[in-house]
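1. Everything below, folded, please.
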Amino acid sequence: MRCPHCNSENCTIVNEVTTTGKDYSASKGCCGAILLGPLGLLCGACGEGRKIHNVNYWVCGDCGYKFRV
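-> Next up is the predicted model:
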């Protein structure tokens, strides 16, 4: 792979990971526990969606330019 900026062949692949959302909502878990007892603690996980996004980039080792193919 050649860098489109400086035409170097010293390029490596880098994976960027970003996450959005929450794992567990303590307030929903407490409300669920009050209303439904011990099983209500599971309500804290309802509706919470953690999403993970992976994006692969090439990075030039000489000039630092980051690009996708």
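2. before we move on, what SS does Cys30 have?
-> Secondary structure, DSSP: H, G, I helix; E, B strand; the rest coil: Cys30 is helix.
3. What number of residues are in the vicinity of it?
-> For Cys30, the count of nearby residues is 14 (other C-beta atoms under 10 Å). Bear in mind the C-beta positions are built from the backbone N, C-alpha and C, glycine included.
4. what does Lys28 give?
-> If we define neighbours as other C-beta under 10 Å, then Lys28 has 19 of them.
5. which residues does the closest residue in space to Cys3 that isn't next to it in sequence contact?
-> The shortest distance from Cys3 to any non-neighbouring residue, by C-beta to C-beta, 6 or more residues apart in numbering, is to Cys60 (3.9 Å). Taking C-beta atoms under 8 Å, 6 or more residues apart in numbering as the contact definition, Cys60 lies against Cys3, His5, Cys6, Ser8, Asn10, Cys11, Lys66, Phe67.
6. ok, 7 Å please
-> Neighbour list for Cys60: Cys3, His5, Cys6, Ser8, Asn10, Cys11 [criterion: C-beta atoms under 7 Å, 6 or more residues apart in numbering].
7. in stretch 15-34, what counts as buried?
-> By neighbour count on 16 or more other C-beta atoms under 10 Å, the buried set for stretch 15-34 is Ser25, Lys28, Gly29, Gly32, Ala33.
8. any chance you could map the strands in the chain?
-> All strands of the chain, identified by DSSP state E, fall at 11-20, 51-60, 66-67.
9. hmm, back to that, would you list the contacts of Cys60 in TSV and tack on pLDDT?
-> Formatted as TSV, the contacts of Cys60 follow (pLDDT from 0 to 100):
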residue	pLDDT
Cys3	94
His5	92
Cys6	95
Ser8	93
Asn10	95
Cys11	95
